[in-house]
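# Dropping a prediction and its sequence here:
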Amino acid sequence: MNAGTSSTRSLICLLTAALLVSNGCSKTQKATTSDVKKIPSGQQFSGFLKDYAILKTNPSVGGDTLTFVHQDKMKSLRRYVAIIVDPVDIYLSTDAETSLFTPHAREAVSNYFRHALIDAVEDAFPVVDTAGPLVLRLRAAVVGIDLGGELAPIESGSEPLKRALVLEKVGVEMELVDSQTGEQIAAYVDKERLGAGAQVGSLNFSREERAAEARAAFDEWAGNVRAFLDVEHVLSAEDAARARDSYVQYGR
């Protein structure tokens, strides 16, 4: 395991720990209908990020992924030692009916993806809940959810949603900002579509067999975020050579 991977895992560790605390000792943030957002009509992106023009295709990540990384070495991801993971924002598709999207439905998706992000990064960065020097803030949004038809009662132990959440056209938008200044350090947009079959039908869909494809998608997105962080933590050839040349053996 290289130093970049270890550092990235420490950052992600912090994210996971924070999420676990939010499910236990911490107070759970409740969603309301006022939290529901939609992709503006005719727009390619949700508006979650302030600037999409700076995003570029990233061969290291692949697929339909766009990324941005701050070029100032003093604002490199490698300098940060901990991370805060914010609650995940949700954006409905442009034509979805907002009034049918309940707070419970929002929580089901937001909480699961936040869990997945924390699981992916917790062994790279410690997860904290307080801003400070060299602490990142991870902001993420699940974009493009549609609403399906009304759902019949399902097996005991699962609280059904009123409407199925259709994730076939969903993407992810994310950014890492300095927790003190709010300056964007990196950004990540995955536009890959899931295809037919990715739906969520209950609040407890993490244990629902028919939501396996949806869970796999969230887990894969979180894994892609981790891969992006790993790539950005690897020293460039120039930096590696500089570090090697500056090394002086102890006692010399």
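Ah, there it is.
# And the helices in the stretch 101-250 of the chain?
103-121, 212-233, 237-246 (DSSP state H, counting those that start in this stretch).
# For the protein, give me the ranges with low pLDDT.
1-35, 62-63, 150-160, 192-199, 201-211, 233-252 (pLDDT under 70).
# the longest strand in it is where?
If you go by DSSP state E, the chain has its longest strand at strand 135-150.
# May I have the strands that pair with that strand, each with its orientation?
Strand pairing for strand 135-150, using DSSP bridges, gives strand 82-85 (parallel), strand 89-92 (parallel), strand 160-166 (antiparallel), strand 171-178 (antiparallel).
# For these, could you give me TSV that also reports distance to Val36 and mean neighbour count?
(Each C-beta comes from the backbone N, C-alpha and C, glycine too.) Output for the strands paired with strand 135-150, formatted as TSV (distance: least, C-beta to C-beta, whole Å; neighbours: other C-beta atoms under 10 Å):
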stretch	distance to Val36	mean neighbour count
strand 82-85	21	25
strand 89-92	6	23
strand 160-166	12	20
strand 171-178	16	23
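# Tell me which of those lies nearest to Glu213.
Glu213 lies closest to strand 160-166 among those, at 11.5 Å (C-beta to C-beta).
# tilt between the longest strand of the chain and helix 212-233?
160 degrees (axes from the mean of the first three to the mean of the last three C-alpha atoms, to 10 degrees).
# Run the angle between strand 135-150 and helix 103-121 for me.
Orientation of strand 135-150 against helix 103-121 (the same axes, to 10 degrees) gives an angle of 140 degrees.
# tell me which residues in strand 135-150 are buried?
Going by neighbour count (16 or more other C-beta atoms under 10 Å), the buried part of strand 135-150 is 135-147.
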